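*Asks:* Sequence and predicted structure are below.
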Amino acid sequence: MSTHTQLIDQYFDAWNETDAPRRRALIAATWTDDCAYVDPLLAGNGHDGIDAMIRAVHERFPGHTFRRASDVDGFANNVRFSWCLETPDGTPIVKGSDFGVVEAGGRLSTVTGFLDQVPGAA
């Protein structure tokens, strides 16, 4: 397993963690202090912003989980991967692709997300 794959799997661990102290520890291990995330629906800056964003997703979609849906592809400090948000019974309801930049220390500095499939979209 590549270092980038391990990092992105840890990224999903943070997204799926409902225990606030454990989630904060995962965020700190995964993201740089001055990190930024943006997609068409969400944005977060710094560890506090990332934590607030993930907490809001858990509040809106209780019991749902994110799963990596592709291999992690990348070169140099760039990564890309696809994912899905699944209901508690494992049904994917949202699919997307993320592009990230990994800083020299091995943590994510930015992630830009794209929504590939959302409910009700044609």
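*Replies:* Sure thing, it's come through. Quick caveat: nothing in here was measured; it's all calculated off a predicted structure.
*Asks:* Give me the distance between the least confident helix or strand in the chain by mean pLDDT and the centre of its chain.
*Replies:* Ranked by mean pLDDT, DSSP states H and E, the helix or strand of the chain with the weakest confidence is strand 73-75, at a mean of 93. Offset of strand 73-75 from its chain centre (CA atoms, centre = their mean, to the nearest Å): 16 Å.
*Asks:* helices or strands next to that strand in the packing?
*Replies:* Counting contacts by 3 or more CB pairs under 8 Å, 6 or more residues apart in numbering; DSSP states H and E, strand 73-75 is packed against strand 78-86. In short, each C-beta sits where N, CA and C put it, glycine included.
*Asks:* now the strands for this structure?
*Replies:* 31-38, 43-45, 65-68, 73-75, 78-86, 92-102, 108-117 (DSSP state E).
*Asks:* can you list the ones you listed in JSON lines and add distance to residue 54?
*Replies:* Output for these, formatted as JSON lines (distance: least, CB to CB, whole Å):
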{"stretch": "strand 31-38", "distance to residue 54": "9"}
{"stretch": "strand 43-45", "distance to residue 54": "8"}
{"stretch": "strand 65-68", "distance to residue 54": "10"}
{"stretch": "strand 73-75", "distance to residue 54": "23"}
{"stretch": "strand 78-86", "distance to residue 54": "12"}
{"stretch": "strand 92-102", "distance to residue 54": "14"}
{"stretch": "strand 108-117", "distance to residue 54": "12"}
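*Asks:* Identify whichever of the ones you listed lies nearest to residue 17.
*Replies:* Closest approach to residue 17 among the strands of the chain (CB to CB): strand 65-68, 10.2 Å.
*Asks:* Confidence-wise, which of the strands of the chain is weakest overall?
*Replies:* With a mean of 93, strand 73-75 has the lowest mean pLDDT of the strands of the chain.
*Asks:* on that earlier part again, in the least confident helix or strand of the chain, what counts as buried?
*Replies:* Buried residues in strand 73-75, counting neighbours by 16 or more other CB atoms under 10 Å, are found at residue 74.
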